[in-house]
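Enquirer: generate coordinates for the sequence data below:
(one chain, ligands or ions: 1)
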Amino acid sequence: MDIHISPEDTKTVELVREMGKEYLRPLGIEADRLQRAIPEDHPFYKLVASSGYMERTLGTEQTDSEKKSVSKTRRTHWVRNILVAEEGSYWDRGAMVSLPGPGLGGPPVDRMATPSQRERLFSIFRQREVPKWAAFAMTEPDAGSDVKRIATTARKEDGGWVLKGQKMYSSNSPRADWIVVFASVDLSKGRDGHRAFIVEKGTPGFEILKIEHKMGIRAYETATFALNDCYVDSSNLLGGEEYYKKDANEGFKGAMATFSATRPLVAAMGVGIARFAHDIARDFVKSEYPHTPLRDKAISRLAWMQQKLAVARMLCLQAAWRLDQGMPNATEASMAKMYAPMICLKIIQQARVIKGEDSLLVDTLLEKLERDVKAIDIVEGTQQIQRRIVAGNVIGRDLR
Ligand SMILES: Cc1cc2nc3c(=O)[nH]c(=O)nc-3n(C[C@H](O)[C@H](O)[C@H](O)COP(=O)(O)OP(=O)(O)OC[C@H]3O[C@@H](n4cnc5c(N)ncnc54)[C@H](O)[C@@H]3O)c2cc1C
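Expert: Predicted structure coming up:
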């Protein structure tokens, strides 16, 4: 593995650090206390848009030959996204996810869209006047871990498609300009019937049913919505008809490839949250911890935390680096997602042990970090599911 971090990547991370200190942390804490997301019209989002942040999240376009080449000087895209995800989540994971940009809607467009769809969908993030969001909707009331069970249907009609069904836990969907919605054109075909559609803001029949009341990461909205016979133009079939002719389960493969990009990102967010918990504990040991035999124990706990953070970070970077090189990364992505959230929860708990009774106090933030990190284990597939994927790849059988 030969990871190259360009000066521009470093600049982007520094930008996120500054934004984190000044805005993400205070806004995230406020959202947590008020138990509601940062409002869509908050002036902070305008500032983010005007800084060009939305465009930076799109990364650089890679030509096919670039994808195949391994060059030290080539600017990386997913590695940079990992660094940004960790840094932003260090300041506040909820506020980070609430930022305008394509979010989880970006990877399926990256992977599946035709050049004209890509231009149409991504161009809104290149303007700097108004904050814009996108979202991703796979999960349904009866299809979470087992995505082949999705029951939202897509029926061909009048040169377009009619979508019917319900999606849940879709992050940022209430404010999204467009949402990538996975639906089936033939439920009897299972995975082979899966297609991805773009549902745009204002589509008749699109209805937000519920915004979840979450235990943590409250700065962004996670919603259930209904697709009540929503008509979308044929140009909103992601990839176009041709895309799905390559292979019967190309739609399902597209969704899985999306997860291979987003799982390391979500895992890196866990690393960011846990790094903050580590720093709280470290500062406490350095400045206030009483000089008793317990101090040595606290110091060795800090060493354990450091080592686990480094391993989790390397797993995320490895998965992202492989993606940047155009190499298969499903196993590495699942290993990062399987390991990081679980170990990050333990790191936060160790920080709480060091802080003792203080860790129960809301003001120390450790109890918030523990609530925030829990979601990381669930989003984009739980650790149990990641184990099945890794084990399946090891023994050469699809266990999903
Ligand atoms: C905060 C948040 C944001 C989210 N954002 C999005 C989003 O933007 N878009 C989107 O589409 N979805 C989103 N999700 C949904 C998320 O991806 C699903 O919650 C996740 O895939 C798990 O599905 P489920 O909740 O239905 O759990 P279930 O699939 O019902 O699983 C319940 C439990 O059973 C275990 N389990 C299930 N199957 C197996 C098995 N075969 N072997 C062993 N154990 C198993 C699971 O590990 C889990 O512990 C979000 C979820 C959360 C919490």
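Enquirer: who in the chain is up against the ligand?
Expert: For the chain, the contact set with the ligand under Cβ under 6 Å from any ligand atom comprises 104, 136-139, 144-145, 169-171, 214, 217, 222, 375, 378-382, 384-385, 388. Where you see a C-beta, it was placed from the backbone N, CA and C, and this is true even at glycine.
Enquirer: now, of those residues, which are buried?
Expert: Applying a neighbour-count criterion of 16 or more other Cβ atoms under 10 Å, the buried members of those are 104, 136-139, 144, 169-171, 214, 217, 222, 375, 379-382, 385, 388.
Enquirer: give the contact list for residue 152.
Expert: With contact taken as Cβ atoms under 8 Å, 6 or more residues apart in numbering, residue 152 is in contact with 140, 163-167, 181-184, 227.
Enquirer: so which of these belong to helices?
Expert: Filtering the contacts of residue 152 for membership in helices, criterion DSSP state H, returns an empty set.
Enquirer: and of those, the nearest to residue 4?
Expert: When the contacts of residue 152 are compared for distance to residue 4 (Cβ to Cβ), residue 182 comes out closest, at 34.1 Å.
Enquirer: which ones are touching the closest one?
Expert: With contacts defined as Cβ under 8 Å, 6+ apart, the neighbours of residue 182 are 137-138, 147, 150, 152, 194-197, 251, 255.
Enquirer: make JSON lines out of those residues and add pLDDT and secondary structure.
Expert: Converted to JSON lines, those look like this (pLDDT from 0 to 100; DSSP: H, G, I helix; E, B strand; the rest coil):
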{"residue": "137", "pLDDT": "97", "secondary structure": "strand"}
{"residue": "138", "pLDDT": "96", "secondary structure": "coil"}
{"residue": "147", "pLDDT": "89", "secondary structure": "helix"}
{"residue": "150", "pLDDT": "95", "secondary structure": "coil"}
{"residue": "152", "pLDDT": "98", "secondary structure": "coil"}
{"residue": "194", "pLDDT": "93", "secondary structure": "strand"}
{"residue": "195", "pLDDT": "95", "secondary structure": "strand"}
{"residue": "196", "pLDDT": "96", "secondary structure": "strand"}
{"residue": "197", "pLDDT": "97", "secondary structure": "strand"}
{"residue": "251", "pLDDT": "82", "secondary structure": "helix"}
{"residue": "255", "pLDDT": "85", "secondary structure": "helix"}
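Enquirer: and the furthest pair within those residues?
Expert: Pairwise distances across the contacts of residue 182 (Cβ to Cβ) peak at 15.3 Å, for the pair 147 and 197.
Enquirer: more neighbours: which of the two?
Expert: It is residue 197, of residue 147 and residue 197, that has more neighbours when counted by other Cβ atoms under 10 Å, with 23 against 20.
Enquirer: wait, that one touches residue 234, no?
Expert: No: with contacts defined as Cβ atoms under 8 Å, residue 197 does not count as touching residue 234, sitting 10.0 Å away.
Enquirer: shared neighbours of those two, which are they?
Expert: By Cβ under 8 Å, 6+ apart, the residues touching both residue 197 and residue 234 are residue 161.
Enquirer: my read is that residue 104 contacts residue 262, right?
Expert: Yes: shown here, residue 104 and residue 262 form a contact pair, counting by Cβ under 8 Å, at 5.9 Å.
Enquirer: show me where the stretch 1-150 of the chain has its helices.
Expert: 7-19, 25-34, 43-50, 53-56, 64-68, 78-97, 106-112, 115-123 (DSSP state H, counting those that start in this stretch).
Enquirer: out of those, which gets the lowest mean score?
Expert: Out of the helices of the stretch 1-150 of the chain, the stretch the model trusts least by mean pLDDT is helix 64-68, with a mean of 50.
Enquirer: and the residue in the stretch 101-250 of the chain that the ligand sits nearest to, what pLDDT?
Expert: At 1.7 Å from the ligand, residue 144 is the closest residue in the stretch 101-250 of the chain, using Cβ to the nearest ligand atom. You'll see residue 144 listed with a pLDDT of 91.
Enquirer: contacting residues for it?
Expert: With contact taken as Cβ under 8 Å, 6+ apart, residue 144 is in contact with residue 169.
Enquirer: go again with 7 Å.
Expert: Contact criterion Cβ atoms under 7 Å, 6 or more residues apart in numbering gives no residues in contact with residue 144.
Enquirer: can you give me phi and psi for it?
Expert: Main-chain dihedrals, residue 144, degrees, to the nearest 10: phi -110, psi -90.
Enquirer: do the same with the one 10 residues further on
Expert: Recorded main-chain torsions at residue 154 are phi -130, psi 120, according to degrees, to the nearest 10.
Enquirer: distance of it relative to residue 161?
Expert: Note on residue 154: its distance to residue 161, by Cβ to Cβ, to the nearest Å, is 5 Å.
Enquirer: anything in contact with each of the two?
Expert: Both residue 154 and residue 161 are in contact with residue 197, where contact means Cβ under 7 Å, 6+ apart.
Enquirer: neighbour-wise, which of those two wins?
Expert: Comparing residue 154 with residue 161 by neighbour count (other Cβ under 10 Å), the higher total belongs to residue 154, at 26 against 21.
Enquirer: need the buried ones from the contacts of residue 152 selected in ChimeraX.
Expert: Only the buried members of the contacts of residue 152 enter the following ChimeraX selection, criterion being 16+ other Cβ under 10 Å:
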select :140,163,164,165,166,167,181,182,183,184,227
